[in-house]
Structure formats: structure tokens, C-alpha cells
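# here is my input; please provide its structure:
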Amino acid sequence: MSYLSTMHLPTGESSSANDARFRAVFEHAAVGIVLLNLDGTLFDANEAFANFLGYTAATLRGHSLHDFAPSEDAAEYARQFMELATQRIDHFTAEHRYVRRDGQIIWASVTMSRAKGDGTGADAIIAMVQDITTRKTLEAKLTHQAFHDSLTNLANRSLFRQRVEQALLKEGNRDRVVVMFLDLDNFKSVNDSLGHGIGDELLVIVANRLLNATRGSDTVARLGGDEFGILLSNVRDHVEARIVAERIISAMQAPVMLKGEATLIGVSIGIAWPHGDDESANDLLRNADVAMYSAKGRGKGSYDYFEPHMYNAVVDRLELEADLRRAVAEHEFTMLYQPLVQLNTGTAVGVEALVRWNHPRRGTLLPADFIPVAEETALIVPLGRWILRESCRQAKLWSDQNASLRNLTVAVNVSGRQLQESTFVDDVRAVLAETGLSPERLVLEITETTIMHRTDAVINCLRELKSLGVKLAIDDFGTGYSSLSYLQQFPIDILKIDKAFIEGLGDDSAGAALTRTIIGLSGTLGLSTIAEGIEHAQQQSILHTLGCELGQGYLFARPLPASEASVALGAILKAQHVTA
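Okay, the predicted model is just below:
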């Protein structure tokens, strides 16, 4: 083995002893050692290298090392070898991939150098090959973790931003880049009511649906929380982006089984593409985010395209949030009260408490203008506590001042976010004790969508509230997703029929038919019914004939400040209009 015998010999040792010594080193080395001809063919390899590739040394002879490389790497490895074989370089060290006999991809640190012949043989190439597969696997895992979301395994915000930047820098591709920003509708409600574990389960389901609804070349990322991003590259036109958005919305419409119950989810999507040559990945993400808020404002489960004027709406929303925080702290709100009457006699039996915000610049704002922001920011909790206390205080004051109003009930709207607070039942108990209002005179109104999930937490909260003696009503019934068939699972006392169905009374509309059905079946379940939005005497008469007991609307009185409501209640009691 002449290539080894040319190495430095200890004084006095023979060539044969030298060959034997270095042959032993060659065979028993922990790293792979390979001897190659200048044409790249292997003529000797030790056992460590043979085991590394899963072959015998004899099987390897006559092959080049790049024969065992993945096809996409082979040409580069051959080029590096030829640099050495043609003496352009005298050695190199590189990290190479190889394919084991069993098909596994393995990694090696390869150091190659040229060995001079002993005068009787040609030069050769010596390669030292060290297995670094474990290190490279760990590096790949750490790199993946750094750029992927640990829950969904989607790209994270950092990787998503990089890919958007790369797409924008690609020559001739800028006009074909589209970024989507997605936010789940009502995710916080699911997360808070069912727990973070179920919330995580929902996020994984959403991630899989997004992957199935997009193209294989698209990048789907979880940007944080319930926010997702999608990069569409090589988009032919904006119509193609719209098709993807509609496919995503459709995919989200299928119910998700959470804790054994079918739960509906939705998604709002903002779409943005470059409007100029200087827009960055961060600009596109911001623009898509702005468009998403616009889509959510138009109605959940929709999408919208970014337009520059949308910034005004975002700034307006941020200002509104800041103003709302101040308003809650400084009590810039007032309560109005709308009478509730018996339809057969017209006698006032209660009021619904309705909040208004006296904004210093915008004037009087209705709940629809600020309650959604209050719910998103959790400001609904302190605001709702104030509304409850003020409404109960006013009801008790009326009863103390006027004996005819001592049994008057007060209905207060309760947000789903409030029901998810562990202290809500205690808050109600404390307000009743503080104001002295009898529990049976308080009606808590809950929207139909709030109880849609039928979670244990919501049911337990409602049962605890009932144990206090208060009454519970479902507001705007008929507009959500619930069913009369399971209402008996809840300790509900009252159904409030949404005014949209009252408008159609007297004709053959579907709303009128549904109103008749609700009244009939609620009677079977032992529930009272209240019709909202009564504006005409004919509506009152029809509802009474159908068996609806109570109603409210402009026919009787508009929402009024406490002082005016007191007068209106007195007038109603005196008149006692009989329309039956």
C-alpha cells in the first residue's frame, strides 16, 4: 500500500513494518478513509467508510464518491473533486450528503487532499469522511423550529416575511405577488369558553383546512394567536386571488367537532398586493391586515382588498378604542329604558336597559358603534358591571318612589365575554345586594350566538345565575344557530323574538311563519315570549292572538332617559290600552 508507506517512518523501521502499521491504522480508524484515483474511481476504503454507506469495501471499488450522492448534489461534488485532481487546489473540506444503501440520506464532513506517489505509482486522492448526520439532523430540527410554528407546523411570521421579501425581489414577479391576512371569527369566545387546549385543537384543524384550500406552491403561515398569513406567488390576476379567498371561506364553513359538539367557525380575510416598487414585505402584511379589519367590519366570513383609504378606518378604530378606555374609566355613558308591556292589556311590566355613549366629539353613540370594540378589548367587563349596577339601582329607585312600579322588571344585556368571567356570578350577587333589588326583578338577556357552543362553562354559569333567583332570556332569537330542540338544556325563562320577524307579520312571509312556530313551541317548553320592534297596532293584535305574552317597540315607547321613562311608564299604566 504505497500511498501510506510514503508517510514519515520511525527510525530503523522497515518498509514492510511501516506498511503493516499504517494498514492497521487504516482499517481500524473511527472515521472513514477512502483512496481514489485521479479519475475519481475508488480503489480502497476502510471498514468505517463502508459501514457508513452500508456496503462492503469490495462493492465500493470502481465507483466515485459522487455516485452515492443525491442526484441534485452529484455535479457539485464532481466539480470539487476535479479542482483537486487537476491541482487547482491542494485540499478542501466540505459537508456532503450521501444516500445509504437503505435509502437514508446521511451527512459527512469530507476532507480531501492529494497524496504523492512513491515514485513507482501515480498520485492519488485521500478522503477523510466523518459521519455528521446526527449533528445535521439536530441543526435542521433547530432551524425548522426557528422558522415554523410549533403547534401547527406552518411557517411562522419570520419565515413568512422572508418568503414575501424573496418573492418581491424575484425579477419579473413583483406584480404577481399577493399576501393574505386571515383572522378567525369568534376564536376568543371558543378559546375562553372551551379552554386553551380545545382552542389549540381548533387552530390545528384550521391550519389543515388552509393547506387543503390553497395551492401547493403557496406559503401558509401562522402569524400568532388566531392570525394566519398566505403568500400567493405567480398569481395570474386578482381574480385568481379572489378564487383562493372564496375557497378558504367555503372550507371554513363546515362545522368543527369540539368536545363532541358541532361548532361553526369563520374567517375574515384581507388581501393586498404591491401598489408600488418600494413596498416591502412588512408593508404588504400591514396592508393585508388593514384590509382584514375592513372585511370584519363588513360582516364576518368575508374578504376585502386593501385600498389606501382604509388606513383612515384603522386609525379611527384605534382612536375609538383609546377613547373607550377613557370613557369606561370616566363613566361617559348613560342608560335609556324602553318599556315592556303585556300585549293583552298594554300594561307596563318592565323595561329593557339600553346603554348609550356620550362621546365628547362624536356625539351619542349606539351600542353597535362601540360594543364590538369593548368585547374585543375586554372593556365590556367593567362596562357591563357598571351597566348592571346602574340599571338595578334605577329599577329599585322607581319601585321606592312609585308603588305601582314595585314589581317592574329590568332587563340587562349580557355579553358572552362577561359570562366567561369566573367572577360574573359574584358580580351579579354583589350588585343585587348593593342596590337592594329583588333577584326576580332582574332579567339577564343573552344573545343566541353566546349559547351556541353549549359549553359546560356557559351552562354552569347560567345555572348559578338561576340559583340567585334572576330570570334569563335569549335575545334576538331566530337570528343565530340555536334550536328550540335543545333549549330545555338551559335554565331559560324567556325568548325574545327578533324584530326582523315581527316586520313580516300580517303577510305570508317566512318570518311570519317562523314567528308562529317560535311562539307555539316556546309555549310547549313553558317559556315566555317577548316580541321586539312592535310598531303597529296590527302587529300587537296578531302577536296576542298567536299567544305572545309581552312586547316592546315604538308603538308603546322609544328608549328614554330614566326621568322620561318614569313618566312614560306611569302614562302606560294609567291608559292600560286593551288591544286584544
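
# what separates Arg393 from Gly297, distance-wise?
Arg393 sits at a distance of 35 Å from Gly297 (criterion: Cβ to Cβ, to the nearest Å). In short, each C-beta sits where N, CA and C put it, glycine included.

# how about low-confidence regions in this structure?
For the chain, the stretches with pLDDT under 70 are 1-19, 22, 117-122, 171, 192-193, 452-455, 478-486, 506-511, 573-580.

# neighbour count winner among Arg393 and Gly297?
Regarding Arg393 and Gly297, a neighbour count based on other Cβ atoms under 10 Å identifies Arg393 as having more, with 18 against 15.

# pretty sure that one is in a helix, no?
Yes: under DSSP: H, G, I helix; E, B strand; the rest coil, Arg393 sits within a helix.

# so it is in contact with Leu442, correct?
No: taking contacts as Cβ atoms under 8 Å, Arg393 lies outside contact range of Leu442: 11.7 Å.

# strands along the stretch 401-550 of the chain, start to end?
409-414, 442-447, 471-477, 494-497, 528-531, 550-551 (DSSP state E, counting those that start in this stretch).

# relative to Ile125, which of those strands is closest?
In terms of Cβ to Cβ, the element of these nearest to Ile125 is strand 442-447, at 77.8 Å.

# tell me which residue is most central in the protein.
Note on the chain: the residue nearest the mean C-alpha position is Asp226, at 2.0 Å, using Cα atoms, centre = their mean.

# all helices for the stretch 451-580 of the chain, in order.
Assigned by DSSP state H, counting those that start in this stretch, the stretch 451-580 of the chain shows helices spanning 456-468, 499-502, 510-524, 537-546, 562-575.

# out of these, which is the most enclosed?
Comparing the helices of the stretch 451-580 of the chain by mean neighbour count (mean count of other Cβ atoms under 10 Å), helix 499-502 ranks first with a mean of 20.

# so Arg361 sits in a helix?
No: the assignment for Arg361, made by three-state DSSP, is coil rather than a helix.

# quick one, phi/psi of Arg114?
Dihedral angles of Arg114 (phi, psi; degrees, to the nearest 10) stand at phi -90, psi 130.

# likewise for Glu76?
According to degrees, to the nearest 10, Glu76 has phi -70, psi -40.

# for it, list the residues it contacts.
By Cβ atoms under 8 Å, 6 or more residues apart in numbering, the contact set of Glu76 is empty.

# let's have the helices of the stretch 451-580 of the chain in a markdown table, adding distance to Gln401.
Shown next, in a markdown table, are the helices of the stretch 451-580 of the chain (distance: least, Cβ to Cβ, whole Å):
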| stretch | distance to Gln401 |
| --- | --- |
| helix 456-468 | 25 |
| helix 499-502 | 31 |
| helix 510-524 | 34 |
| helix 537-546 | 29 |
| helix 562-575 | 8 |
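
# to Gly350, which of those helices lies closest?
For these, proximity to Gly350 was assessed by Cβ to Cβ; helix 562-575 is nearest, at 9.5 Å.

# now do the closest one: distance to the chain's middle.
Its chain's average C-alpha position is 48 Å from that of helix 562-575, according to Cα atoms, centre = their mean, to the nearest Å.

# per-domain residue ranges of the chain.
As recorded under automatic domain parsing, the domains making up the chain are 2-139, 148-308, 318-575.

# and the end-to-end length of the second one?
Its start and end residues considered, domain 148-308 measures 31 Å (Cα to Cα, to the nearest Å).

# from now on call the first residue 26
Sure, I'll start numbering at 26, so the last one becomes domain 173-333.

# which stretches of the stretch 276-425 of the chain form strands?
Shown for the stretch 276-425 of the chain, the strands assigned by DSSP E, counting those that start in this stretch span residues 281-283, 286-288, 291-297, 328-330, 358-367, 373-384, 388-390.

# out of these, which is the most enclosed?
Ranked by mean neighbour count under mean count of other Cβ under 10 Å, these are led by strand 291-297, which reaches a mean of 25.

# packing partners of that one?
In terms of contacts (3 or more Cβ pairs under 8 Å, 6 or more residues apart in numbering; DSSP states H and E), strand 291-297 is packed against strand 203-210, helix 263-277, helix 306-323, strand 328-330.

# what's it in contact with?
203-211, 231, 266-267, 270, 273-274, 277-278, 309-310, 312-321, 325-331.

# same question for stretch 557-576.
365-369, 374-375, 501, 521-525, 527-528, 530-531, 540-541, 544-545, 548, 553-556, 577-581, 604-605.

# grab the nearest non-local neighbour of Met283.
To be clear, residue 283 is Leu; Met isn't right here. Counting by Cβ to Cβ, 6 or more residues apart in numbering, Ile223 is the residue found nearest to Leu283 once chain neighbours are left out, at 5.4 Å.

# ok, how many other residues are close to the one you found?
Count around Ile223 with other Cβ under 10 Å applied: 18.

# check contacts around it.
215-216, 283-284.

# report the buried members of these.
Taking 16 or more other Cβ atoms under 10 Å as the criterion, what is buried in these is 215-216, 283.

# what strand or helix carries Phe51?
Using DSSP states H and E, Phe51 sits in helix 40-53.

# immediately after that helix, which helix or strand?
Tracing the chain past helix 40-53, the next element assigned as helix or strand by DSSP H and E is strand 57-61.

# circling back: do I have it right that the residue nearest to the centre of the chain meets Ile230?
No: applying Cβ under 8 Å, one finds Asp251 not in contact with Ile230, separated by 11.9 Å.

# so Gly87 makes contact with Leu67?
Yes: counting by Cβ under 8 Å, Leu67 is a contact partner of Gly87 at 6.9 Å.

# so between these two, which is more surrounded?
Leu67 (21 against 11).

# pull the CA atoms of stretch 153-168 into PDB?
Coordinates of the C-alpha atoms in stretch 153-168 are reproduced here as PDB (Å, rounded to 0.1, in the frame of the first residue of the first chain):
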ATOM      1  CA  MET A 153     -11.300  11.500   5.300                       C
ATOM      2  CA  VAL A 154     -15.000  11.100   5.800                       C
ATOM      3  CA  GLN A 155     -16.600  11.800   9.200                       C
ATOM      4  CA  ASP A 156     -20.300  11.000   9.900                       C
ATOM      5  CA  ILE A 157     -22.100  14.200  11.000                       C
ATOM      6  CA  THR A 158     -25.700  13.000  10.300                       C
ATOM      7  CA  THR A 159     -26.700  13.400  14.000                       C
ATOM      8  CA  ARG A 160     -25.400  17.000  14.100                       C
ATOM      9  CA  LYS A 161     -27.000  18.000  10.800                       C
ATOM     10  CA  THR A 162     -30.300  16.400  11.900                       C
ATOM     11  CA  LEU A 163     -30.300  18.400  15.100                       C
ATOM     12  CA  GLU A 164     -29.300  21.600  13.100                       C
ATOM     13  CA  ALA A 165     -32.200  21.000  10.700                       C
ATOM     14  CA  LYS A 166     -34.600  20.500  13.600                       C
ATOM     15  CA  LEU A 167     -33.500  23.700  15.400                       C
ATOM     16  CA  THR A 168     -33.700  25.600  12.100                       C
END
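
# which of the residues in it are buried?
Residues of stretch 153-168 classed as buried: 153-158, 161 (neighbour count, 16+ other Cβ under 10 Å).

# that's all I had, so thanks and see you.
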